[in-house]
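1. The sequence and its predicted three-dimensional model are supplied below.
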Amino acid sequence: MEIRLVAQPNCAAAEELRCELSFALAMLALPESFPVQQSSDSTVNSPRLFIDGNLVRPCLPEHGQIACSACLTTHSIPDREIVRWHLARALGRKTVLFICSGNAVRSQMAEAITNYFLGKEWAAFSGGLFPMPLWKPVATALGEIGIELAGSKPKHIELFLGCRFDVIVSLCSSADEFCTAFPGAGRRKHMPFDDPFTSPFFGIGDLNRTRKLRDDMRARILSYLGGEE
């Protein structure tokens, strides 16, 4: 796999793009020393990242706006998740997008479990229709089985417009009502799980119910994706 970054000299947006690239490489368990070709070109308007010769573009131009004093302009750079999607495709890994309403519990957990246990074959992503901050019991429950959530953030599914996934999994119990807009053209799978965040018992036994969700997801999702051809 060949990675090439072209930018104007001293471009602040290029440095930010390098950070996004480093995060994406780490998420895919690629070494920090992975070779990246870097070159300066005063004629380019914005920093350009190429993976195996393909230009990595932000799906929505208003995302990733970086002001640069060296270039005297504002650049739009691709999000780390888009960079990771392009890297995963270049590596030949299958991709799955998990969707729920808030991207605060279920889809975040499904993404982390898949990447941890099936990361050599799959690259998992997640998004929500109404993104909310990550629910604290999720990080605790996943940490108990060795999964760290460093760098995780809530994401709207529109971030992935233009990305094609092999499988798109909706996790909402009311998916037909709330999770009807799916970017990409992959196979769709509905696999509903109860959301402890919206439970009538919210605040009572939250961690125990999140542990149960973790274990249920681990069993069902790994069984489903592990059987994919």
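-> Good, I have the coordinates. Numbering: from 1, shown residues only.
2. gap between residue 154 and residue 21?
-> Separation of residue 154 from residue 21 (C-beta to C-beta, to the nearest Å): 21 Å. Backbone N, C-alpha and C define where each C-beta goes, glycine included.
3. Check which helix or strand the closest residue to residue 75 other than its chain neighbours maps to.
-> Residue nearest to residue 75 in three dimensions, not counting chain neighbours: residue 13, with 3.7 Å by C-beta to C-beta, 6 or more residues apart in numbering. Element membership of residue 13, judged by DSSP states H and E, is helix 12-27.
4. Specify the local secondary structure of residue 49.
-> Following DSSP: H, G, I helix; E, B strand; the rest coil, residue 49 is assigned to strand.
5. ok, it touching residue 17?
-> Yes - with contact defined as C-beta atoms under 8 Å, residue 49 counts as touching residue 17 (6.0 Å).
6. Name the residues of the helix holding residue 13 that come out as buried.
-> 12-14, 16-18, 20-27 (16 or more other C-beta atoms under 10 Å).
7. picking that back up, what is in contact with residue 49 and residue 17 at once?
-> Listed as contacting both residue 49 and residue 17 by C-beta atoms under 8 Å, 6 or more residues apart in numbering are 5, 78.
8. Contact partners for residue 111?
-> Residue 111 makes contact with 98, 124, 125, 126 under the criterion C-beta under 8 Å, 6+ apart.
9. would you turn those into a markdown table with pLDDT and distance to residue 133?
-> Output for the contacts of residue 111, formatted as a markdown table (pLDDT from 0 to 100; distance: C-beta to C-beta, whole Å):
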| residue | pLDDT | distance to residue 133 |
| --- | --- | --- |
| 98 | 94 | 17 |
| 124 | 97 | 20 |
| 125 | 96 | 18 |
| 126 | 95 | 14 |
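10. Sort out for me which of the residues you listed are in strands.
-> 98, 124, 125, 126 (DSSP state E).
11. For residue 14, see how far away the third one is.
-> Using C-beta to C-beta, we find residue 125 at a distance of 24 Å from residue 14.
12. how far away is the residue nearest to residue 216 when sequence neighbours are not counted from residue 217?
-> Counting by C-beta to C-beta, 6+ apart, residue 216 lies nearest to residue 193, which is 6.4 Å off, once chain neighbours are set aside. Distance from residue 193 to residue 217, counting by C-beta to C-beta: 6 Å.
13. what is in contact with those two at once?
-> In the contact map built from C-beta under 8 Å, 6+ apart, the residues linked to both residue 193 and residue 217 are residue 106.
14. Can you tell me which of the contacts of residue 111 is nearest residue 39?
-> Distance to residue 39, by C-beta to C-beta, is smallest for residue 125 among the contacts of residue 111, at 29.5 Å.
15. The closest one touches residue 93, doesn't it?
-> No - if you go by C-beta under 8 Å, residue 125 and residue 93 don't touch, sitting 11.5 Å apart.
16. who's more crowded, the two?
-> Neighbours were counted for residue 125 and for residue 93 using other C-beta atoms under 10 Å; residue 125 has more, 28 against 19.
17. so residue 146 makes contact with residue 112?
-> No - contact criterion C-beta under 8 Å: residue 146 and residue 112 do not qualify, at 10.6 Å.
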